[in-house]
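>>> Kindly return the folded structure for what I paste below:
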Amino acid sequence: MVETVQPTPEKLPEAEPKPQSWLDLVLYLLVGFGSFFLLSALVGLIVTELSPGASFLLFLANFICLGGTTYLLGVRRGRIRWDALGIRPFRWHWQWLLIGVGLSLLLMPARAVLGLVVQWLLEGNLDSVQARSDLILGGAAEFSWFGFLSTLIGAGLLVPISEELYFRGLLHTWFWGKTGRVWLRVLASAAIFGVAHADSIGVVFASAVIGVVNAIAYERTRSLFIPIVIHITTNSAAVLLLYLVLALAELVPGLM
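Down below sits the predicted model:
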């Protein structure tokens with residue numbers, strides 16, 4: 001008796017992304033920023049005192065709102081695809097890690113100086129920069145392992161992933177479909193990324209620089225991995241420096 005072999009069904013290709021309109025961009029901005037604002041306000045009502053735990057809830061809100069907007073309004077609605085973002089199938093080159101870490105470390109001093117100079121020239125003080133540092137630290141005045149680890153996970157890992165998915169994956173991809181001018185879409189998505197940090201004018205300019213670098217990296221590699229590595233390295237280094245200062249303040253009284 002001859003066995004019959006059933007042919008293996010071929011995997012159907014994923015559907016092409018649907019055309020995106022200006023209404024889609026408005027929807028992305030309203031839902032992304034709006035949901036984060038509302039969830040942050042809810043966290044503020046529940047947790048009235050600034051603490052590392054409260055800051056972690058804000059980082060988690062960022063991850064849920066921006067990452068969720070990318071998935072629900074972009075991927076689920078057929079406006080973007082994971083493969084277009086370089087997320088699936090997994091494409092990785094080890095040199096991307098070196099490039100991402102190297103670029104972020106090289107840019108950190110220049111971005112810090114730019115942010116401080118702009119802040120001082122436009123506002124005459126560094127109050128908003130200090131307020132942002134206090135928010136990242138959760139108002140902590142002394143070193144704690146809980147504060148350090150929760151901030152490193154939240155600000156150093158979750159926030160970079162969600163923001164790259166949203167600002168580069170969702171918004172930059174939208175500009176990609178609207179103009180063939182690379183410089184225009186790079187500046188547009190970087191400007192939105194900078195404005196998203198409007199609680200401090202110095203941080204707006206410093207963030208816009210990273211926005212430009214990450215948008216160019218996304219353009220060149222067609223993948224979000226280098227932007228995510230740059231963002232994780234930048235944020236994690238900032239967290240490490242802030243908590244290092246707190247740890248040194250305990251060892252050297254009068255440092256802070």
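
>>> got the residue ranges for the helices in the stretch 51-200 of the chain?
In order along the chain, the stretch 51-200 of the chain carries the following helices (DSSP state H, counting those that start in this stretch): 52-69, 94-123, 127-137, 145-153, 159-163, 173-176, 182-195.

>>> quick one, which of these is packed in tightest?
Comparing the helices of the stretch 51-200 of the chain by mean neighbour count (mean count of other C-beta atoms under 10 Å), helix 159-163 ranks first with a mean of 23. Every residue, glycine included, has its C-beta placed from N, CA and C.

>>> what's that one in contact with?
Where contact means C-beta atoms under 8 Å, 6 or more residues apart in numbering, the residues beyond helix 159-163 that reach it are 59, 62-67, 70, 193, 228, 231-232, 234-235.

>>> Format those residues as CSV; extra columns: distance to L42 and pLDDT.
Below are those laid out as CSV (distance: C-beta to C-beta, whole Å; pLDDT from 0 to 100):
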residue, distance to L42, pLDDT
F59, 15, 97
N62, 13, 97
F63, 15, 98
I64, 12, 97
C65, 11, 98
L66, 16, 98
G67, 18, 96
T70, 21, 97
F193, 24, 97
I228, 27, 94
H231, 26, 96
I232, 27, 96
T234, 28, 94
N235, 24, 95
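
>>> Apart from its neighbours in sequence, what residue is nearest V43?
Nearest-residue entry for V43: L57, 4.8 Å, with adjacent residues in sequence omitted and distances by C-beta to C-beta, 6 or more residues apart in numbering.

>>> Was I right to think that neighbour contacts L45?
No: taking C-beta atoms under 8 Å as the contact criterion, L57 and L45 are not neighbours in contact, 11.6 Å apart.

>>> ok so, going back, may I see the helices of the stretch 51-200 of the chain organised as a markdown table, with distance to S207 added?
Rendered in a markdown table, the data for those read as follows (distance: least, C-beta to C-beta, whole Å):
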| stretch | distance to S207 |
| --- | --- |
| helix 52-69 | 14 |
| helix 94-123 | 8 |
| helix 127-137 | 11 |
| helix 145-153 | 18 |
| helix 159-163 | 10 |
| helix 173-176 | 17 |
| helix 182-195 | 5 |
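
>>> Quick one, which of those helices gets closest to L29.
When the helices of the stretch 51-200 of the chain are ranked by proximity to L29, the top entry is helix 182-195, at 7.7 Å, counting by C-beta to C-beta.

>>> closest one to A206 among the helices of the stretch 51-200 of the chain?
When those are ranked by distance to A206, counting by C-beta to C-beta, first place goes to helix 94-123 at 3.6 Å.
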